[in-house]
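Student: Predicted model and sequence follow; I will ask about them next.
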Amino acid sequence: MIDSELEEGWIAAELAAEFPDLRLVSTRIDARPRSSPPDVKSRLRKLADRYTGGKAVTLRQQAVPWAYRVFFRQVGIDPDEHRTPVEAIALERMRAGGFPSRNVLDDAMLIATVETSVPVMAFDEDALTGPLGLRLAGADERLGGDGRPLSSRQVVVADAERAVAVLFLDMAEGRGVHPRTERIRVASVQVKGVPDVSVEEALWIVRETLLGDA
């Protein structure tokens, strides 16, 4: 059963029929972007020390990263060209030699993905209309209503009015978190082969880090 602080998103019937295990889960957090406190920066350093080159090389063979790679291919994304989020983090760790702190939200999402292999995304809650869900892009639809044209049948994250992100790719302009954001909607997508507990843990890591309880 989903935790009371977590909300189950809607899945359009056509997507649910093709991917019966597909879920979108989100949580609202009353928090503003800010610099990370020392304990979060320390956690990043410890994670980087654990994330060796050998772990990064074998990452895709693990069950959860592999499940997202499979789903990427099923929805037309080549995971060798556009890496799954956890693989992209691993490659950046090898390139940068660590996990440099950016801000508490970005750091929290990185920690959550490293710990669970589950990707998370964040929106400005006040830029959304109604609950979030997943559907296919319509003919002649534009990202955010007035952004770039969407390919027909791309999987999009949508609110009640428009597509607010292309799943695992772009976010609509004006829907992401910015310095004036006061409420954040953090969401994650679960695919076949990913345990419920992993998705819920990822969201809880972000929530607790933003609220200072991590």
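Tutor: Alright, I've got the coordinates. Numbers count the residues shown, from 1 in each chain.
Student: From here on, just use CA atoms for contacts and neighbour counts.
Tutor: Noted.
Student: SS state for Trp135?
Tutor: Careful, residue 135 is Arg; it's not Trp. strand (DSSP: H, G, I helix; E, B strand; the rest coil).
Student: Not counting its neighbours along the chain, what's nearest it?
Tutor: Ala12 (5.1 Å; Cα to Cα, 6 or more residues apart in numbering).
Student: mind listing the strands for this protein?
Tutor: Assigned by DSSP state E, the chain shows strands spanning 7-8, 10-11, 23-29, 120-124, 133-136, 155-158, 163-166, 184-190.
Student: Can you check the distance spanned by stretch 28-42, start to finish?
Tutor: Stretch 28-42 has an end-to-end distance of 26 Å (criterion: Cα to Cα, to the nearest Å).
Student: Next, report how far that stretch is displaced from the centre of its chain.
Tutor: Distance, stretch centre to chain centre, for stretch 28-42: 17 Å (Cα atoms, centre = their mean, to the nearest Å).
Student: What lies in contact with it?
Tutor: Identification of contacts with stretch 28-42 by Cα atoms under 8 Å, 6 or more residues apart in numbering yields 5-6, 101-105, 107-108, 125, 177-186, 207, 209-211, 214.
Student: shouldn't Asp124 be in contact with Pro179?
Tutor: No. Judged on Cα atoms under 8 Å, Asp124 makes no contact with Pro179 at a distance of 10.2 Å.
Student: What is the least confident helix or strand in the protein?
Tutor: Sorting the helices and strands of the chain by mean pLDDT, DSSP states H and E puts helix 53-58 at the bottom, at a mean of 70.
Student: ok and the longest helix belonging to the chain relative to strand 120-124, angle-wise?
Tutor: As assigned by DSSP state H, the longest helix anywhere in the chain is helix 196-210. If you take axes from the mean of the first three to the mean of the last three Cα atoms, to 10 degrees, helix 196-210 sits at 50 degrees to strand 120-124.
Student: and the angle for helix 196-210 with strand 23-29?
Tutor: 20 degrees.
Student: just the CA coordinates of helix 196-210, formatted as PDB?
Tutor: Output of helix 196-210 as PDB, limited to C-alpha atoms (Å, rounded to 0.1, in the frame of the first residue of the first chain):
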ATOM      1  CA  ASP A 196       7.600  -0.800  -5.100                       C
ATOM      2  CA  VAL A 197       9.900  -0.300  -2.100                       C
ATOM      3  CA  SER A 198      12.700   1.000  -4.400                       C
ATOM      4  CA  VAL A 199      10.500   3.700  -5.900                       C
ATOM      5  CA  GLU A 200       9.100   4.700  -2.500                       C
ATOM      6  CA  GLU A 201      12.500   4.800  -0.900                       C
ATOM      7  CA  ALA A 202      13.800   7.100  -3.700                       C
ATOM      8  CA  LEU A 203      11.000   9.600  -3.000                       C
ATOM      9  CA  TRP A 204      11.500   9.400   0.700                       C
ATOM     10  CA  ILE A 205      15.300  10.100   0.400                       C
ATOM     11  CA  VAL A 206      14.500  13.300  -1.500                       C
ATOM     12  CA  ARG A 207      11.800  14.300   0.900                       C
ATOM     13  CA  GLU A 208      14.000  13.700   4.000                       C
ATOM     14  CA  THR A 209      17.000  15.400   2.500                       C
ATOM     15  CA  LEU A 210      15.100  18.500   1.500                       C
END
